[in-house]
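Novice: sequence first, predicted coordinates after that:
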Amino acid sequence: MDSKEILNDIKKLSTEEKRNISYEQLTEIVNQMTPDEIIKLSNIIGYPVFARMCMGELRHKFVLLQDGAAAIILNDKGQILLQRRADRDKWGVPGGCQELGERIEETVIREIKEETNLEVLEKDLELIALVTGPSRRNDYPNGDVVINNTALYCVRNYTGELKWDEESKEIKFFDISNIPENQNDPDLIETYLKLKRRKS
């Protein structure tokens, strides 16, 4: 089986099946691929998951530094869109990790589409801040620990109907004064609120 066929077969797997590819299987697959094919494989599986899969028995011990983007999406009432994450049952803003070879603006547009079904144009992205440091540490239920560098954007213009994927239990708009306390990324929301206070 050539690399193109392998990539097509892996693309057809469920998220869980992709994550269950063994280290030995992955080693065999990667060893017959070119760097460009490895980038494609990484983007099919998802970069952070792929990076951990390549670590073998250290996959849940190694603290991963990852770049990503998130969005403060506001409706015409000034309410903020939050998603209740399936893995932690906490509310947070849509966003995720940058894939290999992807511009950070492409990351936030892709993540918004995947997690909310909303379409956003690059011209409608307003960079709020690059959020880095200790507040960006995330400990996941499976034992993974990551430190994120996050480009935080504000989005006021979008099209589409709200729908969510398996990463979310629910998505809805909240008044800024009535945001749930059970937050996934309180530092991102606080960064936005600080900017809002400075402007007013």
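Specialist: Here it is on my side, so go on.

Novice: which residue lies nearest the spatial centre of this structure?
Specialist: In the chain, the residue lying closest to the centroid (Cα atoms, centre = their mean) is residue 96, at 1.3 Å.

Novice: isn't there a helix covering that one?
Specialist: No: looking at residue 96 with DSSP: H, G, I helix; E, B strand; the rest coil, it is strand, so not inside a helix.

Novice: check contacts around residue 31.
Specialist: Applying Cβ atoms under 8 Å, 6 or more residues apart in numbering to residue 31 gives no contacts. The C-beta positions use only the backbone N, C-alpha and C, and glycine is treated the same way.

Novice: distance of the residue nearest to the centre of the chain relative to residue 112?
Specialist: Residue 96 sits 9 Å away from residue 112, going by Cβ to Cβ, to the nearest Å.

Novice: if we can go back for a sec, isn't the residue nearest to the centre of the chain up against residue 111?
Specialist: Yes: the criterion here is Cβ atoms under 8 Å, and residue 96 meets it with residue 111 at 4.2 Å.

Novice: list residues touching both of those two?
Specialist: With contacts defined as Cβ under 8 Å, 6+ apart, the residues shared by residue 96 and residue 111 are 68-70.

Novice: how about the helices in the protein?
Specialist: In the chain, the helices defined using DSSP state H lie at 3-12, 15-19, 23-31, 35-45, 47-53, 104-116, 186-199.

Novice: okay, angle between the third one and helix 35-45 too, please.
Specialist: Just to be clear, that refers to helix 23-31. 140 degrees (axes from the mean of the first three to the mean of the last three Cα atoms, to 10 degrees).

Novice: give the contact list for the nearest residue to residue 183 once chain neighbours are set aside.
Specialist: Excluding its sequence neighbours, the residue lying closest to residue 183 (Cβ to Cβ, 6 or more residues apart in numbering) is residue 91, at 5.5 Å. Neighbouring residues of residue 91 by Cβ under 8 Å, 6+ apart: 82-85, 179-180, 182-184.
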